[in-house]
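> Any chance you can model this:
(2 chains)
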There are 2 protein chains.
Amino acid sequence: MSVNNISAVFQGGMNFTADLNGHKIEIDTDAAGGGNNIGTRPKVLMLASLAGCTGLDVVSILNKMRVTFSDLSINVEGNLTDTDPKTYDKVVVNYSIKVSKEDEPKVLKAVKLSQEKYCGVTKMFESFAKVSFKIHYL
Amino acid sequence: MSVNNISAVFQGGMNFTADLNGHKIEIDTDAAGGGNNIGTRPKVLMLASLAGCTGLDVVSILNKMRVTFSDLSINVEGNLTDTDPKTYDKVVVNYSIKVSKEDEPKVLKAVKLSQEKYCGVTKMFESFAKVSFKIHYL
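Got it, this is the predicted structure:
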């Protein structure tokens, strides 16, 4: 059994400073929400979690496959429901990567392994959203 | 319909820099995972998302109720399953706050409104985990 643990301390206005095992993240709203945009809106942190989780999987798998790659980036689009409380109902994970033409099937394999087998954040997202992915070869 | 959008760019090693609408967050693994601990592990970002979401709700509701408070912090414990892919199955949201004794019922009301009605991140977590909360009056 393992437990993850974070804390967030209210700083005033609409600003919280979250401490993630020593890594600080500022959370705030924009002016419309009464804040000062000192940090990110909280809900998008879930998309960053997903990008990081699958990104680390893909890097790790490509390294094991000895695939040379560059310019890897991951863009995540999360569609929100119209009704409150707003939740993500459709999420698209876009992988952009530069590899040789012959390594493209290995990239597809790495992405599929992450999305279908390894990435716990994808698994959690699939409980409430339709998650799909696209690969963009640069 | 609204869409949230983030990107994460691979920097080398196991490090991604995520851009959340202009707010940068470093993601990395520790040495055991091949990284350099430059930033947070991705999965804990989900807990920070939950803390921020409900935290902003509670601040907003207490302000509307004209409740004077201080020392508000939120600690989130996420229990992970033993089997891969590891997901959160039990999550406890701990609110710590200093208010006058007579305002304690208002704090409980604010927390319940967030947890049961307003917080979309809680709603998403409830699709895959048992979410509970505790309030600690300082």
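> now the closest residue to residue A:113 other than its chain neighbours: how far from residue A:108?
Of all residues not flanking residue A:113 in the chain, residue A:61 sits nearest, at 5.8 Å (CB to CB, 6 or more residues apart in numbering or on different chains). To be clear about C-beta, it is placed using only N, CA and C from the backbone, and glycine gets the same treatment. Distance from residue A:61 to residue A:108, counting by CB to CB, to the nearest Å: 11 Å.
> between the two, who's got more neighbours?
residue A:61 (19 against 13; other CB atoms under 10 Å in any protein chain shown).
> Relative to residue B:42, how far out is that one?
15 Å.
> could you point out the longest helix in chain A?
helix A:43-64 (DSSP state H).
> Just checking: what are the partner strands of the following helix or strand past that helix?
Remark: after helix A:43-64, the chain's next helix or strand is strand A:70-80, criterion DSSP states H and E. According to DSSP bridges, strand A:70-80 forms sheet pairs with strand A:88-98 (antiparallel), strand B:2-12 (antiparallel).
> quick check, distance from strand A:70-80 to the centre of its chain.
Distance of strand A:70-80 from the chain centroid (CA atoms, centre = their mean, to the nearest Å) equals 8 Å.
> Can you give me the buried ones in it?
For strand A:70-80, a neighbour-count test (16 or more other CB atoms under 10 Å in any protein chain shown) marks A:72-80 as buried.
> before we move on, what about stretch A:22-30?
A:23, A:25-29.
> Now, these that are in strands?
The strands, defined by DSSP state E, take in A:23, A:25-27 from those.
> near chain B too, which of those?
Restricting those to those near chain B by CB under 8 Å from any CB of the partner chain leaves A:23, A:25-27.
> List just the nearest of the residues you listed to residue A:65.
residue A:23 (29.5 Å; CB to CB).
> State the distance from that closest one to residue A:92.
27 Å.
> Likewise for residue A:109?
20 Å.
> can you check residue A:74 too?
11 Å.
> Buried residues, the longest helix of chain A. List them.
A:43-62.
> any idea of the mean pLDDT in that helix?
Here helix A:43-64 scores 98 as its mean pLDDT.
> relative orientation of it and strand B:2-12 in degrees?
40 degrees (axes from the mean of the first three to the mean of the last three CA atoms, to 10 degrees).
> Helix A:43-64: how far from the chain's middle?
With CA atoms, centre = their mean, you get 6 Å for helix A:43-64.
> still on that earlier bit, quick one, which of the strands paired with strand A:70-80 gets closest to residue A:10.
strand B:2-12 (23.4 Å).
> residues of the closest one that come out buried?
B:4, B:6-10.
> List the strands paired with the following helix or strand past that strand, with their directions.
Downstream of strand B:2-12, the next assigned helix or strand under DSSP H and E is strand B:15-20. Strand pairing for strand B:15-20, using DSSP bridges, gives strand B:2-12 (antiparallel), strand B:23-27 (antiparallel).
> Would you mark the buried spots in strand B:15-20?
Result for strand B:15-20 [16+ other CB under 10 Å]: buried residues B:15-20.
> And for stretch A:105-113?
A:106-107, A:110-111, A:113.
> Let me know the closest of those residues to chain B.
Nearest to chain B among the buried residues of stretch A:105-113: residue A:113, at 10.8 Å, using CB to the nearest CB.
> Check which helices and strands the host helix or strand of the closest one is in contact with.
Counting by DSSP H and E, the element that carries residue A:113 is helix A:104-113. Here helix A:104-113 touches helix A:43-64, strand A:88-98, strand A:130-137, going by 3 or more CB pairs under 8 Å, 6 or more residues apart in numbering or on different chains; DSSP states H and E.
> Which one of the strands paired with strand A:70-80 lies nearest to residue B:128?
Using CB to CB, the strands paired with strand A:70-80 put strand A:88-98 closest to residue B:128, at 12.9 Å.
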